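Student: Turn this into a model:
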Amino acid sequence: MEVAPLVLAPAPVDTATPPPPPASTLEAEASLLREGITALHAGQPAQALGFLDEHARRFPGSVLSEERSAERIFALCDLGRLDAARAARDGFLATYKGSPLTSRVEASCGARTNP
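Tutor: Numbers count the residues shown, from 1 in each chain. So this is what the prediction gives:
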């Protein structure tokens, strides 16, 4: 009598919630974001924007994307790039509905001129 080989089906994968990044990656993400925020608060919005854009390139799916996006809007405001700030604001509000950062984003230079 011939016995068929035992084949195990792969375990189902939960794609709804991505696993958290390893601590070392999260530390790198937080460090780069912190550099951007520090530069922004030091009155160096161009340098801040550089850090924030680098963060977006290196960590596109970051758990810190929401904070990065808000800080990017503030940097664009400080640089006087109002059209870009408003476009980024609209993207933020559409992506991060109910964010605790919404009121700061809406009060930024990117605030709507027409309700």
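Student: When you work out contacts or count neighbours from here on, use the C-alpha atoms and nothing else.
Tutor: Fine.
Student: quick one: contacts for residue 53?
Tutor: Contacts for residue 53 (CA atoms under 8 Å, 6 or more residues apart in numbering) come out as none.
Student: any idea which helix is longest in the protein?
Tutor: Longest helix in the chain by number of residues, with DSSP state H as the criterion: helix 23-41.
Student: Does anything pack onto it? Which helices or strands?
Tutor: Contacts defined by 3 or more CA pairs under 8 Å, 6 or more residues apart in numbering; DSSP states H and E place helix 23-41 against helix 45-58, helix 65-78.
Student: The ones you listed into a markdown table, with extra columns for distance to residue 98?
Tutor: Converted to a markdown table, these look like this (distance: least, CA to CA, whole Å):
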| stretch | distance to residue 98 |
| --- | --- |
| helix 45-58 | 22 |
| helix 65-78 | 11 |
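Student: thinking again about what came up before, quick check: angle from the longest helix of the chain to helix 45-58?
Tutor: 160 degrees (axes from the mean of the first three to the mean of the last three CA atoms, to 10 degrees).
Student: Please list the residues outside helix 23-41 that contact it.
Tutor: Here helix 23-41 has contacts from 45, 47-52, 55, 59, 62, 64, 68, 71, 75, using CA under 8 Å, 6+ apart.
Student: out of those, what pair is the most spread apart?
Tutor: Between any two of the contacts of helix 23-41, the greatest separation by CA to CA is 21.5 Å, found for 45 and 62.
Student: Neighbour count for those two, which is higher?
Tutor: Taking neighbours as other CA atoms under 10 Å, residue 45 and residue 62 compare with residue 45 leading, 24 against 18.
Student: Give me the spatial nearest neighbour of the more buried one, chain neighbours excluded.
Tutor: residue 75 (4.9 Å; CA to CA, 6 or more residues apart in numbering).
Student: so how far is residue 24 from that neighbour?
Tutor: Distance, residue 75 to residue 24, by CA to CA, to the nearest Å: 27 Å.
Student: Have a look at these two and say which one is more surrounded.
Tutor: residue 75 (27 against 9).
Student: quick one, what contacts the more buried one?
Tutor: 40, 45, 46, 48, 49.
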